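# here are the coordinates; sequence isn't available:
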C-alpha cells in the first residue's frame, strides 16, 4: 500500500454501518475502489485494487434531482401502538426494572421515482454544517453524535441525551436552552449516557476527561445536552473495537444496559432491524463512528425510503409527546 498523504482517512479505508444487534441482518463493511478525501485543506484520491493502471476519472455527471410525489405511511408500528409501547416502557421504568430505554419507530416514504440520494445529502450537509453527513449502502443522514473518534491515539466521544425543539425565535430559544440545561429529567437522562460512555472507554484509555456539566448544542431544528468525553489510547485498540465496546451506550440502548436491551428486543420483534452505527476505519485503526438514530434507509428499487427516529424514555416521559414530533418529555437522540 502506498499512502503519500499520511493523514487520518487517507490510504486504505473501509466504510460501514451496523444494526443494533449483531445477529440482525443488514450490517455491512465496504472497501470502496475509489475514495476522494479532504481534510484541513488537503485533498486526495485513493484508488484501491490489485491491478491499478491509470487514475480513474472523477466528476459529477448530472445534477441531483429532488424527490417527487412523496407520500408517507406508518411502518410496522403505527402512532397509536407506538404510544402504547412508550407507556409500557414508562410503567416498567416506574416499577424499577430499569432507568432508561431508547425506543425507535419508522415511517415509509414512497416516491414517484427512485431517490437520487445526492439531493438529500447535499441539503443535509448545507443545513447541518456542524453534523457529520453520511451515506453507506443506502443508509444516510446527518448526525451530531460521534460515538467515537480515534485519531493518532486521541479518543473522543460526543454524548447527546436530552433534547428540546427550537421555535425559530432566538430569544425564546435562548430561554428554552436555559430550561433544558436545568431540566432534572433531561440532566438525569444525560448523566446515564455520559456514565455509560466513560465506563466503556476506561479500560482502553488513560488521562480521561469527563466534564462535570454538559453544554447545550444548538442545531437548526433542536437543541441537545452534550458532553465531549476524551482520553488517550493505552492498549492499541482500533476505532472499530472502541465502537463495539461503546455499543450500546445509554444514548442508544438505555440503563442498565442488559434490562434495556431485553426490552428493546421485545419491541423490536414487531419491526424490522434498524441500523444504528455508521462510520469508517483506515488501515492504521483510526476512524470515526457516529450514531444514526434519526436517519433513513433506501430500499428496493429506490422508490421506498424508511425514515426512523429514536426516543430516550425515562420515568417522566409522556407517551403522547413521543408521536409524532419531538419534545423534552420524550426526547429524541441522534441525528437532526
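Looks like it arrived, so ask away. These numbers come from a predicted model, not from an experiment. Numbering: from 1, shown residues only.
# can you show me the helices along the stretch 1-150 of the chain?
79-94, 118-127 (DSSP state H, counting those that start in this stretch).
# ranking those helices by burial, who's on top?
Of the helices of the stretch 1-150 of the chain, the one with the most neighbours on average (mean count of other C-beta atoms under 10 Å) is helix 79-94, at a mean of 17. Yep, even glycine has a C-beta here, placed from its N, CA and C like the rest.
# now for it, which elements pack on it?
Counting contacts by 3 or more C-beta pairs under 8 Å, 6 or more residues apart in numbering; DSSP states H and E, helix 79-94 packs against strand 100-110, helix 257-268, strand 304-313.
# the ones you listed into JSON lines, with extra columns for distance to residue 213, mean neighbour count and mean pLDDT?
As requested, the helices and strands packed on helix 79-94 are exported to JSON lines (distance: least, C-beta to C-beta, whole Å; neighbours: other C-beta atoms under 10 Å; pLDDT from 0 to 100):
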{"stretch": "strand 100-110", "distance to residue 213": "19", "mean neighbour count": "22", "mean pLDDT": "89"}
{"stretch": "helix 257-268", "distance to residue 213": "24", "mean neighbour count": "17", "mean pLDDT": "84"}
{"stretch": "strand 304-313", "distance to residue 213": "19", "mean neighbour count": "24", "mean pLDDT": "87"}
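# in JSON lines, list the ones you listed along with distance to residue 38.
Shown next, in JSON lines, are the helices and strands packed on helix 79-94 (distance: least, C-beta to C-beta, whole Å):
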{"stretch": "strand 100-110", "distance to residue 38": "31"}
{"stretch": "helix 257-268", "distance to residue 38": "37"}
{"stretch": "strand 304-313", "distance to residue 38": "28"}
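# chain center to the longest helix that the chain contains: distance?
Secondary structure of the chain per DSSP state H: the longest helix is helix 184-201. Put simply, helix 184-201 sits 16 Å off its chain's centre (C-alpha atoms, centre = their mean, to the nearest Å).
# over to stretch 24-42?
Centroid separation for stretch 24-42 versus its chain: 16 Å, with C-alpha atoms, centre = their mean.
# try stretch 61-75
In terms of C-alpha atoms, centre = their mean, the gap separating the centre of stretch 61-75 from the centre of its chain is 22 Å.
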